[in-house]
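Chemist: What would the 3D arrangement of this be:
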Amino acid sequence: MPDPARRRVLTGDTPTGSLHIGHWVGSVKRRVEIQETHDCFFLVANLHAFTTRADKPEDIRRDCMEVVRDALAMGIDPSKASIFLQTEVPAILELTYLFSMLLPYNRVMRNPTLKDELKVKGLDDNYSFGFPLYTVGQTADILAFRAHDVPVGEDQVPHLELTREVARRFNKFYCGVPDKAPDEEHVDLGGVFPIPEADVGKVGRLIGTDGIHKMSKSLGNSILITDTPKQVKKKLGKIYVGVDNRQPNDPGEVDPEKNPLFQYVETFIDSEDEVAELRDRYARGDNIGDGVIKVRVAEVISELLEPMQERRRQYESDDVVMDILHDGCKKAIAATEETLAMAKEAASLHFFDRTIGI
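Modeler: Down below sits the predicted model:
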């Protein structure tokens, strides 16, 4: 049973492919840390994956299994956190429909993350109705668990702000929470939903190996946690550092905003002294080429990935992964059915009790 004294966490991933080091620094590392102190639910958002791949259901199913393996490899402990499938938790879908009544369409479409995704994925006006609807679904993913904290990357903060708006509106409409009530007092004042807070990772947005876009497997600019040292070195060798034909004795740019290579240096090299030395030598042009730094970063990333790849071998069996998901889904259903009953009671939608299980 969940410990009511612990803050609850909800976060997750859309199964669009294997997880990569951008996931690690943006969110998963934080999940591994807080599973020791929080009541954690980690979502595999397989229904959200249909927004752009509805014609590839078998690929989505395969990717669900791979995402779970990757999360376990990164250090998520199924004895401390519940990993579950979105489609096995009916309360999420019911709350999505209810919450869609609380958000104006124009507000949903103003979401900057949604706009960016439409642009990056080249969808323009060629997207399904379900694509903007998934942003409402994300509010239900979070609020169905009455989560207090949501570990996210920087690009997901606008989604969370939409969730906070829905929680406030529901609590005011149906629970009598005063209009000016502070967020932290909503539950004490009778609200069903806590107003969740973003927990942004150390690196909110890791640039991909193209040096331009956020790391994404679909853009071909990612380093996967399953990559070998040779593959890591090859991918890092492609990072564009902002200038062409820089020589080892040329002063270089060390601002991570302008030279993505130094975002990797600061993110993955733990030694502050080593980072400071590399920055100093590179900025002065002290006989240090881009290749030297790329090789060093590749080494430390491969050292990070080695124990993850070792853990991943424990979960090669589909049966093992399915058992973990089954247990997580049972816990997720129990938590969300409680929330749904509270929400339906508040909104005068409760007529009969029900029991759902798997």
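Chemist: Output the below-cut-off pLDDT ranges for the stretch 151-300 of the chain.
Modeler: Applying pLDDT under 70 to the stretch 151-300 of the chain flags no residue at all.
Chemist: ok, now with 80
Modeler: Within the stretch 151-300 of the chain, the segments meeting pLDDT under 80 span 152-156, 158-159, 200-202, 204, 218, 242.
Chemist: And the helices in it, which stretches?
Modeler: For the stretch 151-300 of the chain, applying DSSP state H, counting those that start in this stretch gives helices covering 157-175, 229-236, 260-268, 272-284, 290-312.
Chemist: which other helices and strands contact the second one?
Modeler: Based on contacts counted as 3 or more CB pairs under 8 Å, 6 or more residues apart in numbering; DSSP states H and E, the elements that helix 229-236 packs against are helix 290-312. Any C-beta I mention is one placed from the backbone N, CA and C, and that applies to glycine too.
Chemist: domains for the protein, by residue range?
Modeler: Domain segmentation of the chain under automatic domain parsing yields 8-206+317-346, 227-311.
Chemist: Need the winner for burial among those domains.
Modeler: domain 8-206+317-346 (a mean of 19; mean count of other CB atoms under 10 Å).
Chemist: measure that one end to end?
Modeler: 21 Å (CA to CA, to the nearest Å).
Chemist: tell me how far it is from the chain's mean position?
Modeler: Domain 8-206+317-346 sits 8 Å away from the centroid of its parent chain (CA atoms, centre = their mean, to the nearest Å).
Chemist: Stretch 233-253 now?
Modeler: On CA atoms, centre = their mean, the centre of stretch 233-253 falls 30 Å from the chain's centre.
Chemist: what's in contact with it?
Modeler: 209-212, 223, 227, 258-262, 264, 282-292, 294-295, 297-298, 301-302 (CB atoms under 8 Å, 6 or more residues apart in numbering).
Chemist: Stretch 78-90 too?
Modeler: 12, 31, 35-36, 40-48, 64, 68, 71-72, 76, 92, 141, 144, 324-325, 327-329, 331-333, 336, 356, 358.
Chemist: Narrow those to those in strands?
Modeler: 12, 40-44 (DSSP state E).
Chemist: In contact with the spatially closest residue to Asp63 that is not a sequence neighbour, which residues?
Modeler: Nearest residue to Asp63 in three dimensions, chain neighbours excluded: Pro15, at 3.8 Å (CB to CB, 6 or more residues apart in numbering). The contact partners of Pro15, taken as CB under 8 Å, 6+ apart, are 44-46, 49, 60, 63-64, 66-67.
Chemist: least confident pick among those?
Modeler: Lowest pLDDT of the contacts of Pro15: Ala49, 92.
Chemist: Now do that one against Pro104, distance only.
Modeler: Going from Ala49 to Pro104 by CB to CB, to the nearest Å gives 26 Å.
Chemist: what's the answer for Val254, then?
Modeler: 45 Å.
Chemist: What of Lys214?
Modeler: 28 Å.
Chemist: next one: Gly122
Modeler: The value you get for Gly122 to Pro104, if CB to CB is used, is 27 Å.
Chemist: same check, this time on Asp116
Modeler: 20 Å.
Chemist: Please name the residues that touch Val108.
Modeler: 114, 132, 135-136, 162.
Chemist: quick one: it from Pro158, how far?
Modeler: For Val108 relative to Pro158 (CB to CB), the value is 11 Å.
Chemist: re the thing from before, from the ones in strands among the contacts of stretch 78-90, which has minimum pLDDT?
Modeler: Gly12 (91).
Chemist: List the beta-bridge partners for the residue lying closest to it once chain neighbours are set aside.
Modeler: In this structure, Gly12 finds its nearest non-sequential neighbour in Leu43, 2.8 Å apart by CB to CB, 6+ apart. Going by DSSP bridges, Leu43 is paired in beta bridges with Gly12, Phe84.
Chemist: wait, Leu43 sits on Asp141?
Modeler: Yes - counting by CB atoms under 8 Å, Asp141 is a contact partner of Leu43 at 5.7 Å.
Chemist: hey, what's in contact with both of the two?
Modeler: 10, 12, 86.
Chemist: hang on, the first one is in a helix, isn't it?
Modeler: No - under DSSP: H, G, I helix; E, B strand; the rest coil, Leu10 sits outside any helix and is assigned strand.
Chemist: I figured Asn111 was touching Thr135, is that so?
Modeler: Yes - contact criterion CB under 8 Å: Asn111 and Thr135 qualify, at 5.6 Å.
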